[in-house]
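[1] Everything below, folded, please.
(chains A, B, C and D)
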Amino acid sequence: MINKVVANAEVAVQDITDNCTLMLGGFGLSGIPENSIAALLKLGVKGLTCISNNAGVDDFGIGLMLKTKQVKKMISSYVGENAEFERQLLSGELAVDLIPQGSLAERIRAGGAGIPGFFTPAGVGTEVAEGKETREFNGKMYLLESWLRADFSLVKAWKGDTAGNLIFKGTARNFNPMMAAAGVVTIAEVEELVPAGALDPNHIHTPGIYVQRIFQGVNYEKRIEQRTVSS
Amino acid sequence: MINKVVANAEVAVQDITDNCTLMLGGFGLSGIPENSIAALLKLGVKGLTCISNNAGVDDFGIGLMLKTKQVKKMISSYVGENAEFERQLLSGELAVDLIPQGSLAERIRAGGAGIPGFFTPAGVGTEVAEGKETREFNGKMYLLESWLRADFSLVKAWKGDTAGNLIFKGTARNFNPMMAAAGVVTIAEVEELVPAGALDPNHIHTPGIYVQRIFQGVNYEKRIEQRTVSS
Amino acid sequence: MSLDKIGIAKRIAQEIRTGWYINLGIGIPTLVANYIPDDIDVVLQSENGLLGIGPFPKEEHVDPDLINAGKQTVTMLDGSSLFSSAESFGMIRGGHVDLTILGAMEVSEQGDIANWKIPGKMVKGMGGAMDLVASADNIIVAMQHVSRSGDSKLLSECTLPITGLNCVKKVVTNLAVLEIVPAGGFKLLETAPGVSVADIQAATAGKLIIEGEIPEMQLT
Amino acid sequence: MSLDKIGIAKRIAQEIRTGWYINLGIGIPTLVANYIPDDIDVVLQSENGLLGIGPFPKEEHVDPDLINAGKQTVTMLDGSSLFSSAESFGMIRGGHVDLTILGAMEVSEQGDIANWKIPGKMVKGMGGAMDLVASADNIIVAMQHVSRSGDSKLLSECTLPITGLNCVKKVVTNLAVLEIVPAGGFKLLETAPGVSVADIQAATAGKLIIEGEIPEMQLT
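    Just a heads-up that it's a prediction; the model follows:
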């Protein structure tokens, strides 16, 4: 089996250059590629276009890359929890494309699956539809949406094997599987890296064909945004 | 959790009527809904349109329903292994729509996911493209394909729980997950039916939301078309 | 006497039927879960990839890898399942979710909804709201009848940027339960306890349809 | 002396590079797997939902739930993965498969391929062939240079119904290795042992491009 293992995050991201388009997995702070983000901060690349459902918080996740002004543009569905984001947006330093969450997920899935365009009802009659083709099917209106692809996808999984196969845990799966397929180069960080053959082939969420580099991450913080408990 | 269990195949299929459109899971004879097919033979409904990648063999799978002349039309990608099929097709008793396998899979997936149309390169320049819109994206030509949906989907899984969650085994997964999502009523037969909570939520391939009825099948033959062994 | 948030949530819970898969938005809709009767068997969907949302975890069971769409830590139930965001919105778009309950800033008498953007304010994004309202067959809005500044939120036409067209089926406010009829208009179904039809009329800018005697809500 | 099927398979195996994901069609392409050198690390894809096809099983390990696209019983390897048909063709359509090897009835000098239908004969269907040829960047055709009736299968234009346009990159036949050049034409790269350029010229109806000395295939 083809071996995709690299030593660590620094090695994995080293050829990411200024003005690249990146996809970063995660929903809120759950399932984000913490190690790859840290390595990007260290690498110091600028002018990045980041496709990610959210933009992190001020001091964690993509928020860290906003602080260092490495991000030129965010493509997201919701960017609510970040004051620095708001400041840069209002000052014109940062551009943002807001996309309905389902359309974002499906456009990324389409990118990985070689489907350049598809019709969805989300956004019909709204400003999301501006400039887009609309068409009626079976008496309902739909918008034509296009695929999204990235130069690099940075994803985070629970377990992975040396062949690049990935298994996610809980709701930390979210955007990670589609992004893994939509990156020209996909970098996967995992909490536990195991030999090829150690994962049940039936349990694999992302087949290794989509993953070009894999490494075992370290020091996962897994910060919780809304710690809600019952008594 | 909502309970989807019905007693057996006969009960599960009892409201399927003449001229319905059905989807039947399976690739070749692997992962086909053996029990539901047997119940359809007993029920004797006619004029069925069957969406299935293949049409079984003369004495097994959908081939059994061809013998009893219950099928009006097949929508498939490959129908090679069936003499009765050929006879009925040539005599005009049976209609067939041949669809590229990937387009078939994606059209069914689109049906379940609420996407009425999408662009694919498969079939450009061929007779599959006749009457279909073609469009260029990024310098490559694509066809517009439409979703497929069915009145009833008959799928077969390895394990399932009372809430309708399904896990498939090996390459018997094939078309079953997409078909489960694309049926107005989806009937799942499983080799092993377990209580809700007995399956790891992370391992579930088809969430129960897509399944309206589930039962534990009996007497699986699992016939092999090409038994190839190494010495 | 108008309803508080819990009252609105309790009234909406009465709309729920056994066997339904339900997506609950943030705010009052989330509260609805607390008032679904025990004999009503439903499954709650979280669009970040979970079917079968359980209660909030006990402190020792908090799992950062298990959150709902509001980013709150949650638990699973027997029969829960996990999936990707693409699968989740496939479910939503494909019409597999039976009921969507969400908040709104404005609803029009045509069933249009505005709930994602206020011109001049920082736009945080629509999240999954546009997908939900464009896809669901049964949408109930939970909101206050009038805004903090006293303006009716039930209008002939929305003034704020639209989230979706012709989609809302029912509105439950602190004052009333209203159905949006196909020809256009808010048909008054029930009044909140102690609220008069005249109160509701005064608080409704869009076309209000009043037919016969209007019963008062029965809340337990 | 032209090549037999095994010779064709051996020659195609030389095209394979380490790290590639490869889809092998039925017939000669399937044989290629037997001649990939041990030091070349590749993964074979089966479009019915398996990455990492292993050898045929021993009798006692035959599993009806584990077959390849030719419906033959197979095994898995360490690192294999399983998935649905939609995911499988997503992989193919998305360009993740590095090499596709398949048979053909005809190939044109533009790289068009016909391999699914003969007018007047029972049509069995295209299976996954149209998806594969429309999607793959690197397609090698394995076939006999002429048909059983003696007609060239390398034509200026296909006469049979098309499977895909402008897609074949290389053709390996019992007589030669040929590359399809962007401007159109079969560029002769290698001759089979004991086969002359004149033999190939005589068996090729489409435009044959011969530049300089043509080496003979080196087969082990």
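[2] From the contact counts, what lies against the one helix or strand in chain A whose mean pLDDT sits lowest?
    Within chain A, no helix or strand scores below helix A:83-91, which has a mean of 88 by mean pLDDT, DSSP states H and E. Here helix A:83-91 touches helix A:62-67, going by 3 or more Cβ pairs under 8 Å, 6 or more residues apart in numbering or on different chains; DSSP states H and E. For the C-beta atoms, the positions are set from N, CA and C on the backbone; glycine is no exception.
[3] on contacts alone, who are the packing partners of the helix it packs on?
    Against helix A:62-67 (3+ Cβ pairs under 8 Å, 6+ apart) you get helix A:34-43, strand A:48-51, strand A:71-76, helix A:83-91.
[4] got the contact list for that helix?
    A:24, A:32, A:37-38, A:40-41, A:48, A:50, A:52, A:54-59, A:71, A:74, A:82, A:84-85, A:88, A:94 (Cβ atoms under 8 Å, 6 or more residues apart in numbering or on different chains).
[5] Report the secondary structure state of the residue in chain C sticking out farthest from the centre.
    In chain C, counting by Cα atoms, centre = their mean, C:E60 sits farthest out from the average C-alpha position, at 31.5 Å. At C:E60 the chain is in helix, as set by DSSP: H, G, I helix; E, B strand; the rest coil.
[6] near chain B, which residues of chain C?
    C:18-19, C:21, C:41-43, C:45, C:51-52, C:76-83, C:87, C:89-97, C:135 (Cβ under 8 Å from any Cβ of the partner chain).
[7] Then chain A?
    When proximity is defined by Cβ under 8 Å from any Cβ, chain A lies next to chain B at A:106, A:110, A:113-121, A:135, A:137-138, A:140, A:142, A:146, A:167-170, A:202-203.
[8] what about 10 Å?
    When proximity is defined as Cβ under 10 Å from any Cβ of the partner chain, chain A approaches chain B at A:102, A:106, A:109-110, A:113-122, A:135-138, A:140, A:142, A:144-147, A:149, A:158, A:167-170, A:173, A:200-203, A:205.
[9] From chain D, how far off is the residue lying closest to C:S2 once chain neighbours are set aside?
    The shortest distance from C:S2 to any non-neighbouring residue, by Cβ to Cβ, 6 or more residues apart in numbering or on different chains, is to C:N174 (4.0 Å). C:N174 is 46 Å from chain D, where distance means Cβ to the nearest Cβ, to the nearest Å.
[10] And for the lowest-mean-pLDDT helix or strand in chain C, what's in contact with it?
    Least confident helix or strand of chain C, by mean pLDDT, DSSP H and E, is helix C:28-32 with a mean of 93. By Cβ atoms under 10 Å, 6 or more residues apart in numbering or on different chains, the surrounding residues in contact with helix C:28-32 are C:4-16, C:22-25, C:44, C:53, C:68-70, C:72, C:99-103, C:140-144, C:172, C:174.
[11] Now restrict those to buried residues only.
    C:7-16, C:22-25, C:44, C:53, C:68-70, C:72, C:99-103, C:140-144, C:172, C:174 (16 or more other Cβ atoms under 10 Å in any protein chain shown).
[12] quick one: contacts for the residue of chain A at minimum distance from chain C?
    Proximity of chain A to chain C (Cβ to the nearest Cβ) peaks at A:G102, 3.1 Å away. By Cβ under 10 Å, 6+ apart, A:G102 lies in contact with A:77, A:120-123, A:145, B:113-114, C:47, C:85-86, C:88-93, C:127-132, C:134-135.
[13] that older thread, for the next helix or strand along the chain from the least confident helix or strand of chain C, packing partners?
    Proceeding N to C from helix C:28-32, the next assigned helix or strand is strand C:43-46, under DSSP states H and E. Applying 3 or more Cβ pairs under 10 Å, 6 or more residues apart in numbering or on different chains; DSSP states H and E, one finds that strand C:43-46 contacts strand C:21-24, strand C:50-53, strand C:76-82, helix C:85-93.
[14] tell me the mean pLDDT over strand C:43-46?
    For strand C:43-46, mean pLDDT is 97.
[15] That strand pairs with which strands, and in what direction?
    Applying DSSP bridges to the sheet, strand C:43-46 is found paired with strand C:21-24 (parallel), strand C:50-53 (antiparallel).
[16] Pull the distance from stretch C:36-47 to the chain's centre.
    14 Å (Cα atoms, centre = their mean, to the nearest Å).
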